[in-house]
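K.L.:
give the three-dimensional model of this entry:
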Amino acid sequence: MSSVLTTAESVGAPVRPSTASSPVSSGAGEIPIANIYYLLCYAWDVLEEKDTLADVDALDSTDLLNLFARVLVNGTRRLLRRGLDRGYLSREDDIPGVRGKLLVTQTLRRNLLRHGRAACAWDELEYDTLPNRILKTTLQRLHEAEELDATTRTDVHDLLRWLTPVQKVELRTEHFRRVQLHRNNRIYAFLIHICEFVHEHWLPAEQGGTRRFRDFVRDGLPGLFENFVRNFYRHELPAEWSVSAPVIQWQITAPNADALALVPRMETDVCLRGPGRAIILDTKFYAQALKAGAHGTARLPSANLYQLFTYLRQQSCEAGWEQAEGVLLYPRTTRDFAVEFTTHGHRIRALSLDLAQTWQNIHVALLQIVAAGPALRPELHSFSPAAI
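P.N.:
Numbers count the residues shown, from 1 in each chain. Have a look, this model is predicted:
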């Protein structure tokens, strides 16, 4: 039986950060660990790693911390088999003889020649690079986490011994911005993403206790859902489709200074262009997609519909967008729904996506959003889930 996570339970409000590390129950059911893993692979655009770094179906934990630790363990083992990435690091010291660049001023000032030494600066090829430091520091942090299962803790401990030549670093967000990846160390990309995510969601210790991992489904998933959907369509739609996230320009005349400064930007989540089709898709992540209306009846958030309709009307002035479709996409919460209507020539849909179903079904459901509708091309009927 696959390991699972559960979505949050709160009525009619965006998901809030949680300090709990255990799964959170809701009417949405349980999100399999495998789905979370594949979602991250798409969101971070590292699909080449999705079948190699974690046997997610074999995990017997319901905790994402163990998933991330397992991915880092498998990825680090691969790195060790192929050889850890090395880089040239600047060194400066007083040494016997001369190596690299002779620092004449320092050598003469300290009278080093008299003792057969010289101040030199040189570059040395070493394992103690920033990506390796980030990896070791994160593994050490996971090793100290109380939630880590015993088998994974042992594996992490063994890897830390292999990483002895690498120093730990007091991780800060800026460290991840300084990592430079290239063709030869591309394997680090997903691992560094995992390390950064662990760093961002690691809560400070309270009263001298151990640090805790912030709940991912309630705090991390909303920020990644948009990237997941956009990159999914970039990879899975036929070549004649384009995927973008443009800023829509307001169709206004004679704006004054306050208008230019204060009118909000219309930043789209996902825009799809294909033969005879144009779709503006806006992702929404709430613990509860449907809000309680008058007399207790469930309603879609009105602000979401107003926003999408504004996007469609403003963009309809552009060629090819005159009859653009609009889609609001929500992760399923209490029940499935598929709202559809047409207004002012624009087809509008509000759809739920059940993240608790199998990954193959999620794959099909996302493709059907594009396949269903006017000007349907035959090849869209033939979409099939990629091999997982």
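K.L.:
pull the residues that contact stretch 178-194.
P.N.:
40-41, 44, 46, 49, 53, 68, 71-72, 75-76, 78-79, 82, 85, 130-131, 134-135, 138, 176 (C-beta atoms under 8 Å, 6 or more residues apart in numbering). Every residue, glycine included, has its C-beta placed from N, CA and C.
K.L.:
of those residues, buried ones?
P.N.:
40-41, 44, 46, 49, 53, 68, 71-72, 75-76, 79, 85, 130-131, 134-135, 138, 176 (16 or more other C-beta atoms under 10 Å).
K.L.:
for residue 270, which non-adjacent residue is spatially closest?
P.N.:
Leaving aside its chain neighbours, residue 270 sits nearest to residue 281 (4.2 Å; criterion: C-beta to C-beta, 6 or more residues apart in numbering).
K.L.:
quick one: distance of the host helix or strand of the one you found to the chain centre.
P.N.:
In the assignment (DSSP states H and E), residue 281 maps to strand 277-283. Relative to its parent chain, strand 277-283 has a centroid offset of 21 Å by C-alpha atoms, centre = their mean, to the nearest Å.
K.L.:
go on, stretch 186-199?
P.N.:
10 Å.
K.L.:
alpha carbons of that stretch, as PDB, please.
P.N.:
The C-alpha coordinates for stretch 186-199 follow below in PDB (Å, rounded to 0.1, in the frame of the first residue of the first chain):
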ATOM      1  CA  ARG A 186      23.200  18.600 -13.800                       C
ATOM      2  CA  ILE A 187      22.400  15.700 -11.400                       C
ATOM      3  CA  TYR A 188      22.700  18.200  -8.500                       C
ATOM      4  CA  ALA A 189      19.700  20.200  -9.700                       C
ATOM      5  CA  PHE A 190      16.900  18.200  -8.100                       C
ATOM      6  CA  LEU A 191      19.000  17.500  -5.000                       C
ATOM      7  CA  ILE A 192      19.700  21.200  -4.400                       C
ATOM      8  CA  HIS A 193      15.900  21.900  -4.900                       C
ATOM      9  CA  ILE A 194      15.200  19.400  -2.200                       C
ATOM     10  CA  CYS A 195      17.900  20.900   0.100                       C
ATOM     11  CA  GLU A 196      16.400  24.400  -0.400                       C
ATOM     12  CA  PHE A 197      12.900  23.200   0.300                       C
ATOM     13  CA  VAL A 198      14.000  21.500   3.500                       C
ATOM     14  CA  HIS A 199      15.800  24.700   4.500                       C
END
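K.L.:
buried sites along that stretch?
P.N.:
187-199.
K.L.:
can you put these in a markdown table and add distance to residue 170 and secondary structure?
P.N.:
Below are the buried residues of stretch 186-199 laid out as a markdown table (distance: C-beta to C-beta, whole Å; DSSP: H, G, I helix; E, B strand; the rest coil):
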| residue | distance to residue 170 | secondary structure |
| --- | --- | --- |
| 187 | 25 | coil |
| 188 | 20 | helix |
| 189 | 23 | helix |
| 190 | 23 | helix |
| 191 | 19 | helix |
| 192 | 17 | helix |
| 193 | 20 | helix |
| 194 | 19 | helix |
| 195 | 14 | helix |
| 196 | 15 | helix |
| 197 | 18 | helix |
| 198 | 15 | helix |
| 199 | 11 | helix |
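K.L.:
using pLDDT, spot the least trustworthy of these.
P.N.:
Lowest pLDDT within those is found at residue 187 (79).
K.L.:
could you give the bridge partners of the nearest residue to residue 89 once chain neighbours are set aside?
P.N.:
If the residues on either side of it in the chain are set aside, residue 89 comes closest to residue 126, at 5.2 Å by C-beta to C-beta, 6+ apart. Beta bridges link residue 126 to residue 87, judged by DSSP bridges.
K.L.:
residue 126 and residue 133 touch, don't they?
P.N.:
No: under the criterion of C-beta atoms under 8 Å, residue 126 is not in contact with residue 133, lying 11.1 Å apart.
K.L.:
out of these two, which sits in the busier spot?
P.N.:
Shown here are residue 126 and residue 133; by other C-beta atoms under 10 Å, residue 133 has more neighbours (19 against 15).
K.L.:
residue 336: helix or strand, and which one exactly?
P.N.:
Applying DSSP H and E, one finds residue 336 in no helix or strand.
K.L.:
what about it, how many neighbours?
P.N.:
Using other C-beta under 10 Å: residue 336 sits among 10 other residues.
K.L.:
contacting residues for it?
P.N.:
Contacts of residue 336 (C-beta under 8 Å, 6+ apart): 352, 354.
K.L.:
measure residue 222 to residue 286 for me?
P.N.:
8 Å (C-beta to C-beta, to the nearest Å).
K.L.:
thinking again about what came up before, please flag which of the contacts of stretch 178-194 sit within helices.
P.N.:
40-41, 68, 71-72, 75-76, 78-79, 82, 130-131, 134-135, 138, 176 (DSSP state H).
K.L.:
now do the SS call for residue 253.
P.N.:
coil (DSSP: H, G, I helix; E, B strand; the rest coil).
K.L.:
count the residues that sit near it.
P.N.:
5.
K.L.:
could you measure from it over to residue 259?
P.N.:
10 Å.
K.L.:
leaving out chain neighbours, which residue sits closest to residue 125?
P.N.:
Using C-beta to C-beta, 6+ apart, the closest residue to residue 125 is residue 86 (5.1 Å).
K.L.:
still on that earlier bit, from residue 139, how far out is the residue nearest to residue 89?
P.N.:
From residue 126 to residue 139 the distance is 19 Å (C-beta to C-beta).
K.L.:
cool, residue 289 as well?
P.N.:
38 Å.
K.L.:
in terms of neighbours, single out the busier of the two.
P.N.:
residue 289 (26 against 23).
K.L.:
my guess is the more buried one contacts residue 339. True?
P.N.:
No: taking C-beta under 8 Å as the definition, residue 289 is not a contact partner of residue 339, at 10.6 Å.
K.L.:
per-domain residue ranges of this protein.
P.N.:
What automatic domain parsing lists as the domains of the chain is 4-8+21-82+132-216, 87-126, 221-381.
K.L.:
which residues does the residue nearest to residue 270 bridge with?
P.N.:
residue 270, residue 327.
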